[in-house]
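# just coords:
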Ligand code: GDP
Ligand code: IMO
Ligand code: MG
């Protein structure tokens, strides 16, 4: 079984929880794009874990996590994350592998991301240096994890890169330069500490496929943040759609048996950019309050609004998702009325080129006003909640195969 979990909105759909839940049935959990801009939350025994780079399924002891070549990798954040997870499972280290081809995020990437954000070029990034690390990768001046093991070339390359970045920092942004010696020394330290995690990608993946291992790919961000098909330029710098996994992992399997799209029962977005159903009135504020909609990576308040069936339909087509894992339905327990966008007054479909102008048309239904967080089967759900799910299925064309009704690992209603 080879499956992929992908976000069908603007990120933060609950992918971490979904992956942790599904990973029980898998052997290998792979991240194929993005980096520490991701914040995937998993709750276990009242403890919260936020995964940034490490795949979210590794709390399951049957699972080995692999960080694929399409990712950008920040060693400092990795070791912080690792020490958090070690509290849960001291033996976790042996189950985490990293591609040699991942491009590294350096302090100059982070510094430039921050400075750019704070000047007129900002789009509301997570300030983790993501765009700058991918920029260097495609400009063919990036440094990969595997390059750490060639110290002479590494030092030369780093000195050139740092002097170039220092020029930009000083001349354009009038900022302090970074010390090259400090960065180089840190790299040698990381080379030593990361050695046990680094694998030969092809050997690792080919072996897994040969042994018929069950593989779960874990997308970060969401389809609407995809660098090609999202709401460009208000997107991230990687391929968040299912296609991203084929280039993000060496020897990726040709056949994906299931693509599981994840969407929240309403919509959120963090950072700038178009969001047709954004609601700045009490409805949106209540979604933020009841849903505790604050960024897992940056703590920023998330913008909130109604579920947009056309956004999810567009995302499902981009990702080839055939089924939907609907999350946070419990958050809607508190509303008198539920509303859902079923069309646009001025367009037939969601179109990222005109996303700013789209005028949603809503259907309203009565709310269910009941605590559903302990519900275990679809039949037990209040009639209004069932109606809401049926509307989502009707307008997105997707089967809702799982419904999440709480942040915990077991708060899932399975419909298949
Ligand atoms: P991700 O980036 O897609 O993994 O999502 P985040 O972790 O950034 O944000 C999702 C938030 O919702 C986290 O705080 C989760 O713990 C929480 N969450 C996930 N599923 C549910 C659910 O069904 N109900 C509630 N109330 N919270 C949930
Ligand atoms: P997870 O995996 C939500 C958004 C940022 C910004 C844009 C570009 O937790 O769903 P970047 O730092 O990537 O250059 O920022 O993308 N963004 C996310 N929004 N969830 C995420 O990840 C995100 N990762 C990036 O807010 O608008
Ligand atoms: Mg998140």
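Sure thing, it's come through. Here the structure is a predicted model, which means the values were calculated and not measured. Residues are numbered from 1 along each chain as shown. Ligands and ions are numbered 1, 2, ... in the order given.

# I'd assumed residue 124 was in contact with residue 298.
No. Using C-beta atoms under 8 Å, residue 298 is not in contact with residue 124; the gap is 9.3 Å. C-betas here are computed from N, CA, C, even on glycine.

# shared neighbours, these two?
residue 270 (C-beta atoms under 8 Å, 6 or more residues apart in numbering).

# residues contacting residue 129?
By C-beta under 8 Å, 6+ apart, the residues touching residue 129 are 72, 74, 105-106, 109-113.

# tell me, how many neighbours does the closest residue to residue 275 other than its chain neighbours end up with?
For residue 275, ignoring the flanking residues on the chain, the nearest one in space by C-beta to C-beta, 6 or more residues apart in numbering is residue 269 at 4.7 Å. Residue 269 has 25 neighbours, counted by other C-beta atoms under 10 Å.

# Repeat that for residue 322.
14.

# In this structure it contacts residue 257, no?
No. If you go by C-beta under 8 Å, residue 322 and residue 257 don't touch, sitting 10.2 Å apart.

# quick one: is stretch 68-81 near ligand 1?
No. Legend: contact between stretch 68-81 and ligand 1 by C-beta under 6 Å from any ligand atom is lacking; minimum distance shown is 13.8 Å.

# Need the distance between the two termini of that stretch.
Taking C-alpha to C-alpha, to the nearest Å, stretch 68-81 runs 17 Å from one end to the other.

# Same check on stretch 316-323?
For stretch 316-323, the end-to-end distance is 9 Å (C-alpha to C-alpha).

# picking that back up, check contacts around the residue nearest to residue 275.
Contacts of residue 269 (C-beta under 8 Å, 6+ apart): 9-11, 275, 278, 302-303.

# from those residues, which ones fall inside strands?
residue 303 (DSSP state E).

# is it possible to export the contacts of residue 269 to TSV including distance to residue 86?
Shown next, in TSV, are the contacts of residue 269 (distance: C-beta to C-beta, whole Å):
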residue	distance to residue 86
9	32
10	32
11	27
275	38
278	40
302	29
303	35
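
# Kindly reformat the contacts of residue 269 as CSV containing neighbour count, pLDDT and distance to ligand 3.
Below are the contacts of residue 269 laid out as CSV (neighbours: other C-beta atoms under 10 Å; pLDDT from 0 to 100; distance: C-beta to the ion, whole Å):
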residue, neighbour count, pLDDT, distance to ligand 3
9, 25, 98, 11
10, 29, 98, 10
11, 29, 98, 6
275, 24, 98, 16
278, 16, 98, 18
302, 21, 95, 9
303, 22, 97, 14
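
# Kindly identify which of the contacts of residue 269 also come near ligand 2.
10-11.

# Which of the contacts of residue 269 sits closest to ligand 1?
For the contacts of residue 269, the closest approach to ligand 1 (C-beta to the nearest ligand atom) belongs to residue 11, at 5.8 Å.

# That closest one is in contact with residue 270, isn't it?
Yes. If you go by C-beta under 8 Å, residue 11 and residue 270 touch, sitting 7.2 Å apart.

# what sits against the closest residue to residue 136 other than its chain neighbours?
Of all residues not flanking residue 136 in the chain, residue 142 sits nearest, at 4.0 Å (C-beta to C-beta, 6+ apart). Residues near residue 142 by C-beta under 8 Å, 6+ apart: 103-104, 133, 136.

# Around ligand 2, pick out the residues from the chain.
Counting by C-beta under 6 Å from any ligand atom, the chain sits next to ligand 2 at 7, 10-12, 37-40, 123-126, 128, 130-131, 220-222, 225, 234, 236-237, 270-271, 296.

# Which residue, neighbours along the chain excluded, lies closest to the closest residue to ligand 2 within the stretch 201-350 of the chain?
Of all residues in the stretch 201-350 of the chain, residue 271 sits closest to ligand 2, at 2.1 Å by C-beta to the nearest ligand atom. Residue nearest to residue 271 in three dimensions, not counting chain neighbours: residue 124, with 3.1 Å by C-beta to C-beta, 6+ apart.

# Quick one: neighbours of the nearest residue to residue 9 once chain neighbours are set aside, just the number.
Distance criterion C-beta to C-beta, 6+ apart; nearest residue to residue 9, sequence neighbours excluded, is residue 222 at 4.9 Å. Each residue near residue 222 was counted by other C-beta under 10 Å, and the total is 30.
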